[in-house]
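A.B. asks: The following comprises the amino acid sequence and a computationally predicted model.
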Amino acid sequence: MLVKVFGAAVQGIDATVITIEVNSTRGCMFHLVGLPDSAVKESHERILSALQVNGYKFPTSQIVINMAPADIRKEGSAYDLPLAIGMMAAKENVSTEKLGKYIIMGELSLDGSLQTIKGALPIAIKAREEGYEGLIVPRQNAKEAAVVNNLKVYGANNIKEVMGFFNGEETLEQTVVNTREEFYAQQTSFEFDFSDVKGQENVKRSLEVAAAGGHNLIMIGAPGSGKSMMAKRLPSILPPLSLGESLETTKIHSVAGKLGKDTSLIAKRPFRSPHHTISQVAMVGGGAYPQPGEISLAHNGLLYLDELAEFNRSVLEVLRQPLEDRTISVSRAKYSIDYPAGFMMIASMNPCPCGYYNHPTKACVCSSGQVQKYLNRISGPLLDRIDIQVEIVPVPFEKISDKRTSEPSSAIRERVIKARQIQEQRYADYPGVYCNAQMSTKLLHTFAEPDSTGLTLLKNAMNRLNLSARAYDRILKVSRTIADLDGSEKVKSAHLAEAISYRNLDRESWAG
C-alpha cells in the first residue's frame, strides 16, 4: 500500500514542504531514499523501539520510503514522527483519511515520547501558506507554532496520541494563543533600568540619541567606568517591537533552537553579547548544518561587542557588509542561504592595553606605540560604520554615593519613541529606510542639510579637530536624530555641535 505523509524542511528561516511517500510490499527490506542525512537514517532504530514499547508491531514487509523533493537535503531527527506514521499507515494500522490535511513533525524517544524540534514557527507559516488544515508537533513547540492564525495546531506528548488522533480513538487538544495579548503583555518589563546608573549623563544622552536614530555606537573608557552596565540597559529605551518584527525575530530564534520551552512570540528586542573568542562562522552563520549566526540572532535588536579590540580582526571585518546591507548571504559549496541581519551594534573597549590611558587619576603604563597599536586593531572601514564614539571617564565618589535616583528608562523611552515616529512618517515613501541611520547621501541632502551657520561650524570643527572626511555624513545623520528628539524640523547649529562632540575620537590615527 502506498501512502503519503507531509513534513517540512527548514532552509534559512523559511520552510519547504516535504512529501514522505511510503510503499509497503512483499519482502523484508527497508529502503530510505531522498537525500536523508545520518540522523534521518538512524530514525529506523528509534521508530522500532518507540512502536514496540507502545505495543505496536514494526512492519515486517518491505518498506520503501522516498522523501521528496529528492534534491533537498533532509537533516535532523524531526522526521521520526512522520516516518513512523507513514509506515504504520502503509500497513493499515493508521487511517489515511486525514493524513493529507496535516503536516507532522517530531523527534521520537525510545519510549515513543516526543522531543522538541527546531523551526516550528516557519513550518507553521508554511503549512498555512500551502493550505493545510493543521500541524502536529511536540507539546513543547505547540505555543510557538500556534501564533500562526487560521491553522489548527496540536501538541502531542507521544506517538500513541498521534496514531489515536488519526484513527479517531483520541482527541488532541488544539493549542490556541492570543497572540496580541501575550505580545503586548511582555513589552514593558525589563531586568535593567537606567535609574540604577549614577552620573554619566553625557553617555546616557549619547545612548538615547543612538536608540532614537538606530545609530551604531562605541564607548571607550577605563575598566569599571560603566560601559557594560549601560549597554545592558540600552534595550529598555529602544522602541518596542512591532508584531511583524516580533514574528520575524521569533522565526530566526526558532530555527536556531533558541526559544525557551512553551514560548510563543519574542516580545522584546534581542540583546546578544558574544565572547571575543567567537569564530567567523558563529558570528555570520553557516556551518555543516546551516544555522543563523549572532548577527542574525540580534536582528531587530542589539549586538553588543564588549572588549572590541580583543576580537579577532577577521571576525570584525565580516561585520562591515551586514552593517550596511542589513542582510547576510552565506554561500558554501553545498548551499546558499540569506539570513536577515538588521541590528544596532554597540561596542566598548579600553583605550590601551593597561586600560588607563587618559584616566583622570591613574597613570597609564603603556608607551605611545602600544596605545596606537591597540587602537589600530579597529580598522578604519569598520569605524566608518560607527556613528557615535563616546569617551567615558570613571564616576567620581560624590556621584556614586548620591542616593537620588536617576531618570528611569521609561521616561527616556518615551522620547525615543516620539523621535522614531517622526522618522517613520518622514521615510514612509522610501522603502527600506526606517530610521536616520539608514539615510542615503541623497536623503541627507533632502532632510539633514544644515544652514550656512551650521556649515561654517561643521567646517571649523573638521579642520580644528582633524576629523576625517568620512565623519561628515555621520555627523549629519546624528544631528538629524538630535533635531528629531528636540522636535525641530530643521537641523540647527546646536544639533550639529552636539553631533560633532560624539565624533571626538574620530582622528586620522584611528584609521590605522
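C.D. replies: Noted; the coordinates are in hand. Worth saying up front: this structure is predicted, and the values here are computed from it rather than measured. Numbering: from 1, shown residues only.

A.B. asks: Can you get me a residue count around residue 167?
C.D. replies: 14 (other CB atoms under 10 Å). Heads up, the C-betas are built off the backbone N, CA and C, glycines and all.

A.B. asks: Check what pLDDT the spatially closest residue to it that is not a sequence neighbour gets.
C.D. replies: Leaving out its chain neighbours, the residue that sits closest to residue 167 by CB to CB, 6 or more residues apart in numbering is residue 95, at 5.2 Å. Listed pLDDT for residue 95 reads 93.

A.B. asks: Show the average pLDDT along the host helix or strand of residue 244.
C.D. replies: Using DSSP states H and E, residue 244 sits within helix 243-255. Per-region confidence: helix 243-255 scores 92 on mean pLDDT.

A.B. asks: Look up the closest residue to residue 126, ignoring the ones flanking it.
C.D. replies: Per CB to CB, 6+ apart, closest to residue 126 is residue 15, 3.9 Å.

A.B. asks: just residue 35 next, same as before
C.D. replies: Using CB to CB, 6+ apart, the closest residue to residue 35 is residue 73 (5.0 Å).

A.B. asks: can you pull out the helices in the stretch 251-400 of the chain?
C.D. replies: 280-284, 294-297, 313-317, 320-325, 368-375, 380-383, 397-400 (DSSP state H, counting those that start in this stretch).

A.B. asks: Show me the shaky parts of the stretch 301-450 of the chain.
C.D. replies: 397 (pLDDT under 70).

A.B. asks: Could you pull out the strands in it for me?
C.D. replies: Ranges of strands in the stretch 301-450 of the chain, per DSSP state E, counting those that start in this stretch, are 302-306, 327-331, 336-340, 344-349, 388-392.

A.B. asks: Reformat the ones you listed as a markdown table; add mean neighbour count and distance to residue 101.
C.D. replies: Listed next are those as a markdown table, based on neighbours: other CB atoms under 10 Å; distance: least, CB to CB, whole Å:
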| stretch | mean neighbour count | distance to residue 101 |
| --- | --- | --- |
| strand 302-306 | 23 | 42 |
| strand 327-331 | 16 | 35 |
| strand 336-340 | 18 | 30 |
| strand 344-349 | 24 | 43 |
| strand 388-392 | 22 | 54 |
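
A.B. asks: nearest to residue 398, of these?
C.D. replies: strand 388-392 (17.2 Å; CB to CB).

A.B. asks: who's in contact with that closest one?
C.D. replies: The contact list for strand 388-392, computed with CB atoms under 8 Å, 6 or more residues apart in numbering, reads 200, 202-203, 206, 209-210, 215-222, 225-227, 351, 358, 383, 478, 502-506.

A.B. asks: Counting only helices, which of those make the cut?
C.D. replies: Secondary structure from DSSP state H places 202, 203, 206, 209, 210, 227, 383, 478 of the contacts of strand 388-392 in helices.

A.B. asks: re earlier: how far off strand 336-340 does the helix holding residue 244 point, in degrees?
C.D. replies: Put simply, helix 243-255 runs at 130 degrees to strand 336-340, going by axes from the mean of the first three to the mean of the last three CA atoms, to 10 degrees.

A.B. asks: so what's residue 67 closest to, chain neighbours aside?
C.D. replies: Nearest non-adjacent residue to residue 67, counting by CB to CB, 6+ apart: residue 34, 3.1 Å away.

A.B. asks: can you give me the end-to-end distance of stretch 307-322?
C.D. replies: One end of stretch 307-322 sits 20 Å from the other (CA to CA, to the nearest Å).

A.B. asks: Counting neighbours, which bits of it end up buried?
C.D. replies: Under the neighbour-count criterion of 16 or more other CB atoms under 10 Å, stretch 307-322 has 308, 309, 311, 315, 316, 318, 319, 322 buried.

A.B. asks: which among those gets closest to residue 362?
C.D. replies: Nearest member of these to residue 362, counting by CB to CB, is residue 309, at 19.0 Å.

A.B. asks: re earlier: select, out of the helices of the stretch 251-400 of the chain, the one closest to residue 336.
C.D. replies: Here helix 280-284 is closest among the helices of the stretch 251-400 of the chain (CB to CB), at 13.4 Å.

A.B. asks: now the closest one: how far from the chain's centre is it?
C.D. replies: Remark: helix 280-284 is offset 13 Å from the chain centroid, using CA atoms, centre = their mean, to the nearest Å.

A.B. asks: Residues touching that helix, excluding its own?
C.D. replies: 274, 287, 293-295, 312, 314-315, 318-319, 322, 328, 330.

A.B. asks: And the average pLDDT for that helix is what?
C.D. replies: Helix 280-284 shows an average pLDDT of 94 in the prediction.

A.B. asks: Which positions in it come out as buried?
C.D. replies: Buried residues in helix 280-284 (16+ other CB under 10 Å): 281, 282, 283, 284.

A.B. asks: what do you get for stretch 362-380?
C.D. replies: Buried, per 16+ other CB under 10 Å, within stretch 362-380: 364, 366, 371, 374, 375, 378.

A.B. asks: Which one of the residues you listed is nearest to residue 303?
C.D. replies: Comparing these against residue 303 with CB to CB places residue 378 closest, at 15.4 Å.

A.B. asks: any idea how far residue 94 is from that closest one?
C.D. replies: Counting by CB to CB, to the nearest Å, the gap from residue 378 to residue 94 is 61 Å.

A.B. asks: what's the helix or strand hosting residue 455 packed up against?
C.D. replies: Per DSSP H and E: residue 455 is located in helix 452-464. The criterion is 3 or more CB pairs under 8 Å, 6 or more residues apart in numbering; DSSP states H and E, and the helices and strands that helix 452-464 contacts are helix 471-485, helix 493-501.

A.B. asks: now, of the ones you listed, which is deepest in the fold?
C.D. replies: Ranked by mean neighbour count under mean count of other CB atoms under 10 Å, those are led by helix 471-485, which reaches a mean of 24.

A.B. asks: Identify the residues contacting stretch 112-121?
C.D. replies: Outside stretch 112-121, the residues within contact range by CB under 8 Å, 6+ apart are 8, 10, 15, 50-51, 53-54, 76-78, 81, 105-109, 137-141, 144-145, 147-148, 156-160, 247, 250-251, 254-257, 261.

A.B. asks: With that, I have no additional questions.
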